[in-house]
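# attaching a predicted model along with its sequence, questions to come.
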Amino acid sequence: MSTHATTFVFDFDHSLVDNNTDTFVFDVLSPSLREKVNALSADVQWTELMNQSLNELQEQQGKTVENIRLCMTQIPFQPAMRRALDHLRILRREGKCKLYIASDSNTFYIDAILCHYGYGPTGDTFDGIFTNPAFVDKSTGRLCVKKFVEKHNCTVCNTVNMCKRDIYETYLSAASFPHRPRTVFLCDGSNDLCLVLALGAHDVALCRQGAEYGLQRKLIPILEKTPEKVQCTIVWWINYDEVEHWILTMM
């Protein structure tokens, strides 16, 4: 593998897949619990809230780990995105790129979706997945989720449990690359901003466009007022056909 091979970093929710895994499970299995999540989200740390809500979903509402896994297989994974990923998987096998996921979802959701669509086990398609660990508690049989880290020192991130810039820089350091590879970052959320700002002039951020996406709300003012803070090339996208076209054209 060349040290100059392109590194792709994918956010997962609303980026690689076309929904939010954390909320999708409650939309499908318990709309009333989804309303409760919405009401508590301003006061409870998100990963802790997800663990608390999963516990209630299973203990009080009788849903099983298998119910949750099957729910994840219903999440939209757009054909154009899958075609682009199929193309990148071939290039990865040829040593032309590395593929990573950095997401505030969790290992159970991501593994369930990737395996359902033929992208698992992890090493078959991705070089690494950085996300919150999920596990089935042996004493209760219930799915639980923990924070990726308890805290970090980034002042840009709005999530205390994960800094994607830290993940990215740790990966580069561990890989001992003599030269930073070109990086392409597929992203949409406000917690993606710190990595976008960390990218260099040779890198690309594929940013999802739309007022509902937190990254646009945070990035636009920076581009308007202090554009020098953004060194990478910003490519806005609305639909997955645009993502597919960019990847197939540039790779």
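Now that the structure is in, tell me what you want to look at.
# quick one: the strands in the stretch 101-250 of the chain?
For the stretch 101-250 of the chain, applying DSSP state E, counting those that start in this stretch gives strands covering 128-132, 134-136, 143-145, 183-187, 204-208, 233-237.
# partners of the third one, with directions?
Partners of strand 143-145 in the sheet, by DSSP bridges, are strand 134-136 (antiparallel).
# same question for the first one.
Strand pairing for strand 128-132, determined by DSSP bridges: strand 97-106 (parallel).
# the strand it pairs with vs strand 183-187, what angle?
Angle between the axes of strand 97-106 and strand 183-187 is 30 degrees (criterion: axes from the mean of the first three to the mean of the last three CA atoms, to 10 degrees).
# count the residues that sit near His14.
Number of residues near His14 (other CB atoms under 10 Å) recorded here: 19. No exception for glycine: its C-beta is placed from N, CA and C like everyone else's.
# now do it against Ser105, distance only.
10 Å (CB to CB, to the nearest Å).
# same thing with Asp137?
According to CB to CB, Asp137 stands 19 Å off from Ser105.
# looking at those two, which one has more neighbours?
Using other CB under 10 Å, the more surrounded residue of Asp137 and Ser105 is Ser105, with 25 against 12.
# look up how far Cys232 lies from that one.
24 Å.
# and Glu35, by the same measure?
Distance of Glu35 to Cys232, computed by CB to CB: 38 Å.
# the two: who's more crowded?
A direct count of neighbours by other CB under 10 Å for Glu35 and Cys232 places Cys232 higher, at 20 against 11.
# what ranges of the stretch 1-150 of the chain fall below the confidence cut-off?
The stretch 1-150 of the chain contains residues with pLDDT under 70 at 1-4, 122.
# rerun that using 80 as the cut-off
Within the stretch 1-150 of the chain, the segments meeting pLDDT under 80 span 1-5, 121-123.
# hmm, Leu223 is touching Cys232, no?
No. Between Leu223 and Cys232 there is no contact under CB atoms under 8 Å: 11.4 Å.
# Val184 is in contact with Phe10, correct?
No. Counting by CB under 8 Å, Val184 is not a contact partner of Phe10; they are 9.1 Å apart.
# off-centre distance for stretch 223-243?
The chain centre lies 18 Å from the centre of stretch 223-243; the measure is CA atoms, centre = their mean, to the nearest Å.
# what's in contact with stretch 144-162?
45-48, 50-51, 54-55, 102, 104, 106, 108, 130-137, 163-166, 190-191, 193-194, 197 (CB atoms under 8 Å, 6 or more residues apart in numbering).
# if we ignore the residues flanking it in sequence, what's nearest Lys63?
Spatial nearest neighbour of Lys63, excluding adjacent residues (CB to CB, 6 or more residues apart in numbering): Leu57 at 5.0 Å.
# one more: Val25?
Val25's closest residue in space is Cys71 (CB to CB, 6+ apart), at 5.3 Å.
# wait, that neighbour touches Phe26, no?
No. The pair Cys71 and Phe26 does not pass the contact test of CB under 8 Å, sitting 9.3 Å apart.
# among these two, which residue is more densely surrounded?
In this view Cys71 and Phe26 are compared by other CB under 10 Å, and Phe26 has more residues nearby, 22 against 19.
# from the contact counts, what lies against the helix or strand containing that one?
Secondary structure from DSSP states H and E places Phe26 in helix 21-29. Applying 3 or more CB pairs under 8 Å, 6 or more residues apart in numbering; DSSP states H and E, we find helix 21-29 packed against helix 31-40, helix 46-59, helix 65-72, strand 97-106, helix 107-116.
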